[in-house]
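[1] what's the 3D shape of this:
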Amino acid sequence: MARQWIRKVKLTLGDGGEEMDLSALRIRFQVRQFDLQTPNWAEITVSNPAPNTVDKAKKEYTKVTLQAGYAENFATIFEGEIRQIRYGRENPTDTYLTILGTDGGRAHNYSVVNRTLAAGSTFRQQVDAALEPMKAMGIKVGYIADLGSAKMPRGVVLFGMARDILRNIAQATNTSWSIQNGEFQMIKNDESRPGDAIVVNSRTGMIGLPTQTLDGIEVRTLLNPQFKIGSIIQIDQASVQDAPLGPSIPDEVKNSMIPSTADDGFYKVYVVDHAGDSRGNPYFTDLVCIRADGKGIIPAAISQRGVVLDPNAR
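    Just a heads-up that it's a prediction; the model follows:
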């Protein structure tokens, strides 16, 4: 188990060639990653940059990469395109440079598909065709689940936004797709990314106790770049704090929507929030999870994507 001490943060701006390293300055950041078909984002603030650094950042760079963690557990937590750079003053003596980045924003907003596949094509071939314009905008292909061997009885016309075509395929194959640090992934709703479950407890960095909420099971840990969307964590089920039920009749609707907990303690991660400060606090990772088997009561945002529901398996 890697020791979680000696914080480490690295921030670089690039354009595909030359890079600017801002790691020596104070860096504060908020990174939001989720299992949704919309771009992840990051807001990163650098304190007291030199004026020439500000000018160069605004004019020359289009990509941002943020790495964070600890000396023995350090990796990329965000990689994307620079959407906006703002420069301002926090107080009479301190200035700031704030970078807003989106993960795969251009590919999500501008990728258009215009293809026809002959009869006998598979869902995987449709995904590959929809990914072609995304790859032209820098998206890499990561893990894609087995989409089955079913063949289309007729030719398939793929025309429109790539994101819409991928959304239709995901609904038909009981999967979810997303872009994570410039890499496309497509995971079965009742499965997870390949890899072993990450054990989360007080010895591995958990802060406080996991809590059952309307959004899912929420867990806070010391900042850990190993948590990925679609990965599995294992927690001590006895430590999960139950959500309080409302006592009134109108509360019954909300009570019935509280996501189920898992008897075995295995949960699938679908939201990862990193919040950090290279010279202070916070320095946390907040997770929102659902039970790994995809059963029971789950959040509405997840059930709308076709995750299996089994109200009897609470």
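[2] where do the helices sit along the protein?
    51-60, 105-110, 123-135, 162-173, 251-256, 300-303 (DSSP state H).
[3] Make CSV out of those helices and add mean neighbour count.
    The way it works is simple: take the backbone N, C-alpha and C, and place the C-beta from them, glycine included. Shown next, in CSV, are those (neighbours: other CB atoms under 10 Å):
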stretch, mean neighbour count
helix 51-60, 13
helix 105-110, 18
helix 123-135, 19
helix 162-173, 19
helix 251-256, 12
helix 300-303, 16
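[4] So this structure: which segments form each domain?
    7-103, 107-188, 198-303 (automatic domain parsing).
[5] Could I get the average pLDDT for the shortest one?
    Per-residue pLDDT values across domain 107-188 average out to 96.
[6] Kindly check the end-to-end length of that domain for me.
    Chord length of domain 107-188, first to last residue, is 22 Å (CA to CA, to the nearest Å).
[7] Same question for the first one.
    For domain 7-103, the first and last residues are 24 Å from each other (CA to CA).
[8] show me where pLDDT drops low in the protein?
    1, 300-314 (pLDDT under 70).
[9] could you redo the last one with a cut-off of 90?
    1-4, 15-18, 35-38, 189-190, 249-251, 253-258, 260, 263, 293-314 (pLDDT under 90).
[10] In it, which strand is the longest?
    In the chain, with assignment by DSSP state E, the single longest strand is strand 73-89.
[11] Any idea how far that one is from the middle of the chain?
    Strand 73-89 sits 15 Å away from the centroid of its parent chain (CA atoms, centre = their mean, to the nearest Å).
[12] So which bits of it are buried?
    Asn73, Phe74, Ile77, Phe78, Glu79, Gly80, Glu81, Ile82, Arg83, Ile85, Tyr87 (16 or more other CB atoms under 10 Å).
[13] May I have the residues that are in contact with the last one?
    Contacts for Tyr87 were tallied using CB atoms under 8 Å, 6 or more residues apart in numbering; they are Pro49, Val54, Lys58, Thr95, Tyr96, Leu97, Thr98.
[14] mind redoing it with 7 Å?
    Val54, Thr95, Leu97 (CB atoms under 7 Å, 6 or more residues apart in numbering).
[15] Any chance of CSV for those, columns distance to Gln67?
    Shown next, in CSV, are those (distance: CB to CB, whole Å):
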residue, distance to Gln67
Val54, 22
Thr95, 24
Leu97, 18
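[16] Tell me the one among those residues nearest to Thr38.
    Leu97 (25.8 Å; CB to CB).
[17] separation between Gln4 and Ala42?
    Distance, Gln4 to Ala42, by CB to CB, to the nearest Å: 21 Å.
[18] Lovely, talk soon.
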